[in-house]
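after the sequence you'll find the predicted model.
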Amino acid sequence: MTHATGSAAISARGLTKRYGTTLALDDVTFDVPAHTICGLFGRNGAGKTTLMSILTAQNFATAGEGRIFGEQPYENTAVLPRICFVRESQRYPEDSVADHAFAMARLFFPNWDQAFADQLITDFRLPTSTRIKKLSRGQRSAVGVIIGLASRADVTFFDEPYLGLDAVARQTFYDRLLQDYTEHPRTIVLSSHLIDEIADLIERVLVVDDGRLVLDEAADDLRDRAFTVVGAEQAVDALIGDREELHREHLGPIASATVMGRLTQTDQEAMSRTGLSTTPVSLQELIVRLTQHSDTERGTAAKGARS
């Protein structure tokens with residue numbers, strides 16, 4: 001399932017952000033096509049929230065620029081109502097209840113669907129007349145999720161607002177998002193640590209590590225980029241050859257290696273002869289391994305520069 005049209009809904013060109021001596025974003029460049037669900041991944045402090053804040057005009061870049069539908073979003077009344085940014089730490093006025101938050105959203109977002117919001121309120125069992133600050137963490141998360149979905153903004157950023165939801169509520173969120181996206185295509189960016197939970201939703205993958213963009217790829221292409229081979233270490237080494245190795249573990253004489261590339265028919269025949277087995281690499285494991293590999297490469301480069 002893909003609605004991608006090839007035109008960029010979100011563009012970053014050389015985005016750089018410094019806080020004093022800290023480099024939060026380092027020359028980040030990418031495009032997200034319109035009508036795409038994009039996963040934005042990275043460790044805590046990697047720069048994900050800073051990136052989304054700049055793209056939604058809630059922060060400023062030190063250098064470079066971010067555009068939404070080809071336009072700068074800051075103080076742009078033609079663009080801002082088309083953007084919804086939902087974050088886990090969303091703040092609301094002191095005495096507001098959920099109904100107040102939804103009423104404000106209804107005024108701001110031209111595509112707001114009240115019937116959909118009402119359905120979501122029921123789905124998440126949200127008490128709408130209780131002050132938001134008195135709600136549980138999961139209920140506060142539900143307020144943000146409902147705004148993000150019912151706004152039907154042309155570009156919606158979810159900065160892990162669903163972390164407070166339990167597993168059943170998170171699945172409800174994923175189901176409603178996918179169903180509504182199919183009926184009302186738009187561009188959605190999901191920032192999450194729960195990579196495997198959203199792996200089947202996303203069509204594009206962005207990974208930020210230490211302020212740098214280390215991965216920008218179609219999810220389907222990425223899923224086929226690596227495999228894990230298990231067996232006697234000598235046989236594993238022979239099969240791998242000069243392929244790029246991301247990770248290796250040992251259990252006595254047995255080695256398990258995660259390797260970039262695809263298995264050929266010749267590989268399959270060699271595995272049968274030597275008793276090797278292979279397992280698929282989940283999207284989460286692949287992203288983790290690629291990030292660790294990026295760390296190792298940077299550390300090696302830094303060591304070489306000092307020597």
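Yes, it's here.

all helices for the chain, in order.
48-55, 98-108, 114-123, 137-150, 167-183, 195-198, 219-223, 233-240, 265-274, 283-306 (DSSP state H).

just put the ones you listed in CSV and tack on mean pLDDT and mean neighbour count.
(Glycine included, C-beta is placed from N, CA and C.) CSV is the format used below for the helices of the chain (pLDDT from 0 to 100; neighbours: other C-beta atoms under 10 Å):
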stretch, mean pLDDT, mean neighbour count
helix 48-55, 95, 24
helix 98-108, 94, 16
helix 114-123, 97, 16
helix 137-150, 95, 24
helix 167-183, 96, 16
helix 195-198, 91, 18
helix 219-223, 85, 16
helix 233-240, 93, 16
helix 265-274, 92, 12
helix 283-306, 68, 15
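
could you redo the ones you listed as JSON lines and give each row distance to residue 39?
Converted to JSON lines, the helices of the chain look like this (distance: least, C-beta to C-beta, whole Å):
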{"stretch": "helix 48-55", "distance to residue 39": "11"}
{"stretch": "helix 98-108", "distance to residue 39": "24"}
{"stretch": "helix 114-123", "distance to residue 39": "22"}
{"stretch": "helix 137-150", "distance to residue 39": "15"}
{"stretch": "helix 167-183", "distance to residue 39": "12"}
{"stretch": "helix 195-198", "distance to residue 39": "6"}
{"stretch": "helix 219-223", "distance to residue 39": "7"}
{"stretch": "helix 233-240", "distance to residue 39": "28"}
{"stretch": "helix 265-274", "distance to residue 39": "29"}
{"stretch": "helix 283-306", "distance to residue 39": "8"}
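
next one: phi and psi at the residue lying closest to residue 74 once chain neighbours are set aside?
Take residue 74 and drop its neighbours on the chain: the residue closest to it by C-beta to C-beta, 6 or more residues apart in numbering is residue 57, 4.3 Å away. Main-chain torsions, residue 57, degrees, to the nearest 10: phi 70, psi 30.

between the helices of the chain, which gets nearest to residue 247?
helix 283-306 (4.8 Å; C-beta to C-beta).

surely the residue nearest to residue 74 touches residue 67?
No - look at residue 57 against residue 67 with C-beta atoms under 8 Å: they stay out of range, at 10.9 Å.

show me what contacts the nearest residue to residue 90 once chain neighbours are set aside?
Excluding its sequence neighbours, the residue lying closest to residue 90 (C-beta to C-beta, 6+ apart) is residue 144, at 5.0 Å. Each residue near residue 144 by C-beta atoms under 8 Å, 6 or more residues apart in numbering is listed here: 86, 87, 88, 90, 161.

relative to residue 185, which of those residues is nearest.
Closest approach between the contacts of residue 144 and residue 185, by C-beta to C-beta: residue 86, at 18.7 Å.

and the closest one, how many neighbours?
Neighbour count for residue 86, taken as other C-beta atoms under 10 Å: 23.

make sure it is actually in contact with residue 142.
No - if you go by C-beta under 8 Å, residue 86 and residue 142 don't touch, sitting 11.0 Å apart.

which residues does the residue nearest to residue 124 when sequence neighbours are not counted contact?
Nearest residue to residue 124, sequence neighbours excluded (C-beta to C-beta, 6+ apart): residue 142, at 4.0 Å. Residue 142 is in contact with 120, 124, 126, 165, 169, counting by C-beta under 8 Å, 6+ apart.

go with 7 Å
Residue 142 sits next to 124, 126, 165, 169 when contact means C-beta atoms under 7 Å, 6 or more residues apart in numbering.

contacts only, for the last one.
When you say that, I think you mean residue 169. 124, 138, 142.

in TSV: those residues, plus distance to residue 72.
Formatted as TSV, these follow (distance: C-beta to C-beta, whole Å):
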residue	distance to residue 72
124	35
138	36
142	33
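
which residue packs closest to residue 95, ignoring adjacent ones?
Residue 95 sits nearest to residue 131 (C-beta to C-beta, 6+ apart), 6.1 Å away.

the one you found bridge partners, please.
For residue 131, the beta-bridge partners under DSSP bridges are residue 97.

could you chop this protein up by domain?
Residue ranges for the domains of the chain, per automatic domain parsing: 8-222, 224-306.

once you drop chain neighbours, what's closest to residue 257?
Closest to residue 257 by C-beta to C-beta, 6+ apart is residue 248, at 4.7 Å.

contacting residues around that neighbour?
Contacts of residue 248 (C-beta under 7 Å, 6+ apart): 255, 256, 257.

would you mind measuring from it to residue 167?
32 Å (C-beta to C-beta, to the nearest Å).

if we can go back for a sec, which of the helices of the chain sits closest to residue 32?
So among these, helix 48-55 is nearest, using C-beta to C-beta, at 9.6 Å.

other SSEs contacting the closest one?
Contacts defined by 3 or more C-beta pairs under 7 Å, 6 or more residues apart in numbering; DSSP states H and E place helix 48-55 against strand 8-19, strand 22-33, strand 63-68, strand 155-159, strand 187-191.
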